[in-house]
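# Following is a predicted model, sequence given first.
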Number of protein chains: 2
Amino acid sequence: MGFPKISLLFLLIFLSINSYSQESNPDSSQSKMMVRIAAIEIDSSYFNEYIAILKEEAEASVRLEPGVICIYPMFQKEHPTQIRLLEVYANKEAYESHLQTPHFKHYKEATLKMVKDLKLIDMNAIDPESMPDIFRKLN
Amino acid sequence: MGFPKISLLFLLIFLSINSYSQESNPDSSQSKMMVRIAAIEIDSSYFNEYIAILKEEAEASVRLEPGVICIYPMFQKEHPTQIRLLEVYANKEAYESHLQTPHFKHYKEATLKMVKDLKLIDMNAIDPESMPDIFRKLN
């Protein structure tokens, strides 16, 4: 009768150590990160309007949502209607919750007629552990 | 005779104020920034080898070169031979000097046979002023 109880105790200790080490290990939290390049083509007649809405949306997402680690919007110098966004979310849940925010919904609705093409390309960061170093100089 | 000297004094004061405000104004330094996406296709048989060399080069560049603000390497989850790098240099001079470093030259030489295609796409950051905010969460 004593044996199952001790096993259960060990199992609980094992589970809590395991859960602790997963949380405190930065590699583990970074492996859950969603990294993506959004490749968007817009109608040139809406360029200024689109850029203003996107800029506002990216800024609000990073400021208001702890799980939105980075939304970095760019356009190609030679083809300014070709928009690219580097997006990094803490995990899938952070991304799902981002889709439900008023600022994202506003962006989506307001730019619907401006977007001619949208590709969402899932990426793997090659060196996620060094990410803090990589972006250190921006601060 | 006194007039030209006073003019010269004002000119010097003006120039030094102007130079100071350019340095302390983040918009000004950020407008010189070079932002680029490198789109690289590699030979799949070299995948692990290429990734190791690229990771080392990106890490060394950011650590050793103050003008290399960010090199963030990724690959497409669905097509891992499709490599993408987000590169940010402080200015054109920083980029030119990067090309002369031993770590860049080593990368270039060692991966020459592995690279099937390379496109360097110049980008404009849509909101360069908010960059420090955008990447704040990575630290």
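Ah, there it is. Numbers count the residues shown, from 1 in each chain, chains lettered A, B, ... in the order given.

# could you pull out the helices for chain A?
Counting by DSSP state H, chain A has helices at residues A:2-24, A:26-31, A:47-64, A:92-99, A:102-111, A:131-136.

# among those, which gets the worst mean confidence?
Lowest mean pLDDT within the helices of chain A: helix A:2-24, at a mean of 46.

# Pull out the CA atoms of the lengthiest strand in chain A and give them to me as CSV.
If you go by DSSP state E, chain A has its longest strand at strand A:115-125. Only the C-alpha atoms of strand A:115-125 are listed here, as CSV (Å, rounded to 0.1, in the frame of the first residue of the first chain):
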residue,chain,number,x,y,z
VAL,A,115,-4.3,44.2,-50.1
LYS,A,116,-3.9,42.4,-53.4
ASP,A,117,-1.9,39.4,-52.1
LEU,A,118,-0.9,38.0,-48.7
LYS,A,119,1.4,35.1,-47.9
LEU,A,120,2.2,34.1,-44.4
ILE,A,121,5.6,32.3,-44.3
ASP,A,122,6.4,30.3,-41.2
MET,A,123,10.1,30.6,-40.3
ASN,A,124,12.5,28.9,-38.0
ALA,A,125,15.0,31.3,-36.3
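
# what's the angle from that strand to helix A:47-64?
Strand A:115-125 and helix A:47-64 meet at an angle of 40 degrees, taking axes from the mean of the first three to the mean of the last three CA atoms, to 10 degrees as the criterion.

# does strand A:115-125 come close to chain B?
Yes - applying CB under 8 Å from any CB of the partner chain, one finds strand A:115-125 touching chain B at A:121-125. Backbone N, C-alpha and C define where each C-beta goes, glycine included.

# And residue A:43, what's its pLDDT?
98.

# That one contacts residue A:83, doesn't it?
No - with contact defined as CB atoms under 8 Å, residue A:43 does not reach residue A:83; the gap is 11.4 Å.

# Please give me every residue in contact with the residue lying closest to residue A:68 once chain neighbours are set aside.
Spatial nearest neighbour of residue A:68, excluding adjacent residues (CB to CB, 6 or more residues apart in numbering or on different chains): residue A:61 at 4.5 Å. Contact analysis of residue A:61 by CB atoms under 8 Å, 6 or more residues apart in numbering or on different chains lists A:68, A:71, A:98, A:101, A:103-104.
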